[in-house]
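Engineer: I'll drop the sequence and a predicted model, then ask my questions.
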Amino acid sequence: MKNNELKETPHIKPNGVEIAETILLPGDPLRAKFIAENFLEKHVLFNEVRGMLGYTGEYKGKKVSVMGTGMGTPSMAIYSWELINVFGVKNLIRIGSCGAMQNEIKLYDIILAMGAATNSNYAHQLNLPGQFPITASYELLEKAKKIADEKNYKVHVGNVLSSDVFYNADETATEKWAKMGILAEEMETTSLYLNAASAGVKALTILTVSDHMITHEQTTQEERQTSFTKMMEIALDLV
Ligand SMILES: O=P(O)(O)O[C@H]1O[C@H](CO)[C@@H](O)[C@H]1O
Ligand SMILES: O=c1cc[nH]c(=O)[nH]1
């Protein structure tokens with residue numbers, strides 16, 4: 001029986017199309033469409049509820065899915081929870097954009113998120129008797145670094161800020177996180193890594209720098225949708 005036969009959730013309705021054990025998760029559903037159309041053979045649409053496009057296809061003969069997650073901790077929390085706990089997904093690889101916080105990190109650079117600092121309260125519902133480190137699967141992280149090295153793609157490996165706030169009223173926040181060595185800011189890794197840890201599955205966030213929080217340089221919306229192909233290649237080679 002296929003892993004999702006007769007299954008659906010309020011947010012994912014695959015109509016019998018299989019969801020692979022490994023899934024790539026961009027925030028933007030149009031980035032998911034771009035990946036399916038440009039990298040996956042035999043791709044089939046498995047979700048369009050709320051326009052959150054999801055596809056399953058093959059990459060170098062291996063089955064893989066790709067689906068948008070929307071923006072922010074709660075949206076990623078919903079999609080990753082359902083993918084893991086209802087559809088049996090085992091490897092979740094976020095491919096997102098981010099704002100760099102260090103001068104030596106440039107537009108289009110790639111970051112592998114070893115761990116995430118957060119201002120989110122998402123872990124609260126787990127009722128743990130202390131703090132929990134929000135970290136990547138070491139296995140996926142190590143493999144991604146190796147793939148990047150083999151391709152001669154320079155990557156930064158370190159901690160990111162997974163923030164619930166894009167437009168922050170506290171103008172001192174970036175400087176404080178940067179001082180702690182945070183490489184960049186994004187908005188989904190907290191719930192992704194915590195949901196994966198809770199279920200004993202693997203997750204990794206790979207990011208491309210879309211803008212710079214110190215120099216204020218920016219890429220365009222179109223570039224964010226279609227030109228971050230190096231991180232897509234690294235993620236696909238993890239399959
Ligand atoms: O490009 P995506 O994957 O959406 O990631 C980043 O971009 C969005 C903000 O513009 C947030 O979701 C942030 O995490
Ligand atoms: O969360 C994000 C994503 C891109 N750029 C930012 O500054 N923040």
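Structural biologist: Good, I have the coordinates. Ligands and ions are numbered 1, 2, ... in the order given.
Engineer: Can you give me the first-to-last residue distance of stretch 209-217?
Structural biologist: 10 Å (Cα to Cα, to the nearest Å).
Engineer: One more: stretch 55-72?
Structural biologist: 21 Å.
Engineer: could you give the mean pLDDT of it?
Structural biologist: Averaged over stretch 55-72, pLDDT sits at 98.
Engineer: beta partners for the residue in the chain positioned nearest to ligand 2?
Structural biologist: Closest contact between the chain and ligand 2, by Cβ to the nearest ligand atom, is at residue 99 (2.4 Å). All C-beta spots, glycine's among them, are computed from the backbone N, C-alpha and C. On the basis of DSSP bridges, residue 99 is bridged to residue 185, residue 211.
Engineer: Which positions within stretch 84-101 qualify as buried?
Structural biologist: The neighbour-count check on stretch 84-101 (16 or more other Cβ atoms under 10 Å) flags 84, 86-87, 89-101 as buried.
Engineer: So which of the residues you listed are in helices?
Structural biologist: If you go by DSSP state H, these have residue 84 in helices.
Engineer: Please list which of the buried residues of stretch 84-101 are also close to ligand 1.
Structural biologist: Intersecting the buried residues of stretch 84-101 with the contacts of ligand 1 gives 96, 97 (criterion: Cβ under 6 Å from any ligand atom).
Engineer: Can you name the helix or strand that the residue nearest to residue 24 when sequence neighbours are not counted falls in?
Structural biologist: Nearest non-adjacent residue to residue 24, counting by Cβ to Cβ, 6 or more residues apart in numbering: residue 66, 4.3 Å away. Element membership for residue 66 (DSSP states H and E) is strand 62-67.
Engineer: Output the contacting helices and strands for that strand.
Structural biologist: For strand 62-67, the helices and strands in contact under the criterion 3 or more Cβ pairs under 8 Å, 6 or more residues apart in numbering; DSSP states H and E are strand 22-25, helix 29-39, strand 41-47, strand 54-59.
Engineer: deepest of these, which one?
Structural biologist: Highest mean neighbour count of these: strand 22-25, a mean of 26 (counted as mean count of other Cβ atoms under 10 Å).
Engineer: what's next to that strand, contact-wise?
Structural biologist: 32, 35, 62-69, 76, 79-80, 83, 89-95, 188, 192, 232, 235-236, 238-239 (Cβ atoms under 8 Å, 6 or more residues apart in numbering).
Engineer: swap in stretch 50-64?
Structural biologist: Here stretch 50-64 makes contact (Cβ under 8 Å, 6+ apart) with 11-12, 14, 17-24, 29-30, 32-33, 35-36, 39-48, 65-70, 79, 236, 239.
Engineer: Thanks a lot, see you next time.
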